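> I'd like to go over a predicted model; first the sequence, then the structure.
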Amino acid sequence: MSEQTKPDWKALLPILRETILENRLFMTDDEQQVALFIFQRTRMYGKAWERIPLRHFTGGVWSQGGGNSCSRLRMKRNTVIAALKSLHGKGFVERRDHATKAHEYRLCEPAEIIDHDVLSYIRTKQPKLMDAIILELRRNQRSLPPVFAKILEEHEPRKTKPAGVSGDTIDVSAKVPQPASGEIQPTNRRIRILKRKTPNFPPSGKRGRGLPIIPLKKAAESFRRQRLEQALVEARRWQARRRRHRASRLDLPEVQRRWEEAMQTHWPNGVIKLPKGAFRLFKLFVQSRGLPPEDLPELVEWIVSNWRRHRSKVFSFSGNPYGPSAPDLYFAVKRLPHLYRAFLHDRAALSSPMVPNTIAPHPPIRPLPVNHKEAEAARKRLGLPKWDEAPAA
């Protein structure tokens, strides 16, 4: 593979993870293999579209110069065609048809996948896959989040019929009053409901035959399937949000590096190399409390540099120093919420300078114009000396 065709894994991993791996629950085994084959033929070679004949899926891609470029799929032609049709119907793969040449395929971006299209196709075209999804959820029922437990509630509604009575029978013995002794005992036989011999259509008028009446049981089943699909959509979106949150997880090596640099700067005599378990505990605590990962490198540096102040202001309620004399990560993890609250307060105080005076300044004071002739006449009239002459004795 040349330098121009080397895969950019930084751009490929989100597509591989969010389009194929995160949607394995909504794919069959055949669809997963076909999707990976298309990914290998397109994105791995830096191409969005690729013309892939059907024989490449079933026979592999070989050349005299490069050998085996892509191994074949161990499945029949009809299975490959069915998997391609399903992937296209769900919106995972885009296809360009051609009358005489092979079709072109492209693996869709994660933002192009529509949840309703995926689940509507499964509900209408792949009922066995829907049963497999429900079976997997039922096997892991004790470990399901509430949003996934709701799917089982929608799939298995509460039964209102009495046990042992089928839907087309009525047990009349419970509704008949019990006779006195010696009388004829009521039968316990179930009377079957009479079925209509005429089709379930309204009477036809002059304009022709009317629309069919949908039975109540069929309408209820359709409504239940729609609610199940909506529950699956909500669960899928919840899972995507959780994965996006984990994708923005903290850079643990960067946090460790900032801690060690701050210790060497502010505590050169008390530098102790912490074990890996300390930062692992720090990571678990941060994820459980939901602290923003982007603030943590700056937070640990702030903790180390202001440790003496934390002993009196954060760790102690009385103002007396409390806690280890040197920065201790295990001790800081236990009081991380209080430290983070103080960190936000200090950062807000530093980032917002003093509010300047909004009153407009006064214009500069200018001396009034002086009329020297009038001033001299007034001086003589009042008998005042000139300013540069001494007054008369």
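Received it, and whenever you're ready, just let me know what you need. Remember, predicted model here, so these are calculated numbers, not experimental data. Residues are numbered from 1 along each chain as shown.

> Please count neighbours and contacts with C-alpha atoms only from this point.
OK.

> Help me confirm that residue 68 is found in a strand?
Yes: Residue 68 sits within a strand when classified using DSSP: H, G, I helix; E, B strand; the rest coil.

> Assess the claim that it and residue 61 are in contact.
Yes: Residue 68 lies in contact with residue 61 (CA atoms under 8 Å); the separation is 6.0 Å.

> the more surrounded of the two?
Taking other CA atoms under 10 Å, residue 68 and residue 61 do not tie; residue 61 has more neighbours (17 against 12).

> so who does residue 27 touch?
By CA atoms under 8 Å, 6 or more residues apart in numbering, the contact set of residue 27 is residue 129.

> Could you rerun that using 10 Å?
20-21, 33, 35, 83, 86-87, 90, 92, 118, 122, 126, 129, 133 (CA atoms under 10 Å, 6 or more residues apart in numbering).

> I'd like to know the average pLDDT value across stretch 267-278.
What stretch 267-278 shows for mean pLDDT is 69.

> How far away from the center of its chain is the helix or strand residue 84 falls within?
Using DSSP states H and E, residue 84 sits in helix 77-90. Here helix 77-90 is found 28 Å from its chain centre; the criterion is CA atoms, centre = their mean, to the nearest Å.

> what's in contact with it?
Residues contacting helix 77-90 (CA under 10 Å, 6+ apart): 26-35, 38, 54-55, 57-58, 73-74, 92-95, 105-108, 113-122, 125-126.

> follow-up on the earlier one: if we only consider the contacts of residue 27, which is nearest to residue 298?
residue 21 (33.8 Å; CA to CA).

> What is the neighbour count of that closest one?
Residue 21 has 14 nearby residues by other CA under 10 Å.

> Distance check, residue 133 against residue 86.
The gap separating residue 133 from residue 86 is 16 Å, by CA to CA, to the nearest Å.

> and the two? which has more neighbours close in?
For residue 133 versus residue 86, neighbours defined as other CA under 10 Å are more numerous around residue 86 (21 against 14).

> Please tell me how far that one sits from residue 34.
Counting by CA to CA, the gap from residue 86 to residue 34 is 11 Å.

> tell me, what's touching the two both at once?
Both residue 86 and residue 34 are contacted by 80, 93, under the criterion CA under 10 Å, 6+ apart.

> Show me what counts as buried in stretch 74-90.
Using 16 or more other CA atoms under 10 Å as the test for burial, stretch 74-90 gives 80, 83-84, 86-90.

> Go through those residues and name the one nearest residue 146.
Of the buried residues of stretch 74-90, the one sitting nearest to residue 146 (CA to CA) turns out to be residue 90, at 25.8 Å.

> Mind telling me what element the residue nearest to the spatial centre of the chain is part of?
In the chain, the residue lying closest to the centroid (CA atoms, centre = their mean) is residue 241, at 0.9 Å. Per DSSP H and E: residue 241 is located in helix 216-247.

> pLDDT of stretch 348-365, averaged?
Rounded mean pLDDT across stretch 348-365 is 60.

> Revised request: answer the last question for stretch 221-230.
According to the model, stretch 221-230 has a mean pLDDT of 78.

> how far away is residue 48 from residue 143?
Separation of residue 48 from residue 143 (CA to CA): 38 Å.

> what about these two, which has more around it?
Set residue 48 next to residue 143 and count neighbours by other CA under 10 Å: residue 48 wins out with 16 against 11.

> hang on, that one is in a helix, isn't it?
No: assessed with three-state DSSP, residue 48 is coil; it does not lie in a helix.

> Now for the closest residue to residue 25 other than its chain neighbours: which residues touch it?
Excluding its sequence neighbours, the residue lying closest to residue 25 (CA to CA, 6 or more residues apart in numbering) is residue 133, at 6.8 Å. By CA under 10 Å, 6+ apart, residue 133 lies in contact with 25-27, 127.

> host element of residue 133?
Taking DSSP H and E as the criterion, residue 133 maps to helix 127-139.

> could I have that helix exported to CSV, CA atoms only?
Extracted C-alpha coordinates of helix 127-139, given in CSV (Å, rounded to 0.1, in the frame of the first residue of the first chain):
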residue,chain,number,x,y,z
PRO,A,127,-39.3,-10.1,12.7
LYS,A,128,-36.8,-12.9,13.6
LEU,A,129,-34.1,-10.2,14.3
MET,A,130,-36.6,-8.3,16.5
ASP,A,131,-37.2,-11.5,18.4
ALA,A,132,-33.5,-12.0,18.8
ILE,A,133,-33.1,-8.5,20.2
ILE,A,134,-35.9,-9.1,22.7
LEU,A,135,-34.3,-12.4,23.7
GLU,A,136,-30.9,-10.8,24.3
LEU,A,137,-32.6,-8.1,26.5
ARG,A,138,-34.6,-10.7,28.4
ARG,A,139,-31.4,-12.7,29.1
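
> from here on, count from 16
Let's use 16 as the start, then, which means that last one is helix 142-154.

> tell me the angle of it relative to helix 231-262?
Orientation check (axes from the mean of the first three to the mean of the last three CA atoms, to 10 degrees): helix 142-154 against helix 231-262 gives 60 degrees.

> Could you pull out the buried residues of helix 142-154?
Buried residues in helix 142-154, counting neighbours by 16+ other CA under 10 Å, are found at 144-145, 149, 152.

> Where do the domain boundaries of this protein fall?
Following the assignment in automatic domain parsing, the chain carries domains at 16-127, 129-172+233-262, 267-366.

> For the stretch 16-165 of the chain, give me the ranges with low pLDDT.
For the stretch 16-165 of the chain, the stretches with pLDDT under 70 are 16-22.

> Which stretches in it count as helices?
24-30, 44-56, 69-74, 92-105, 130-140, 142-154, 161-170 (DSSP state H, counting those that start in this stretch).
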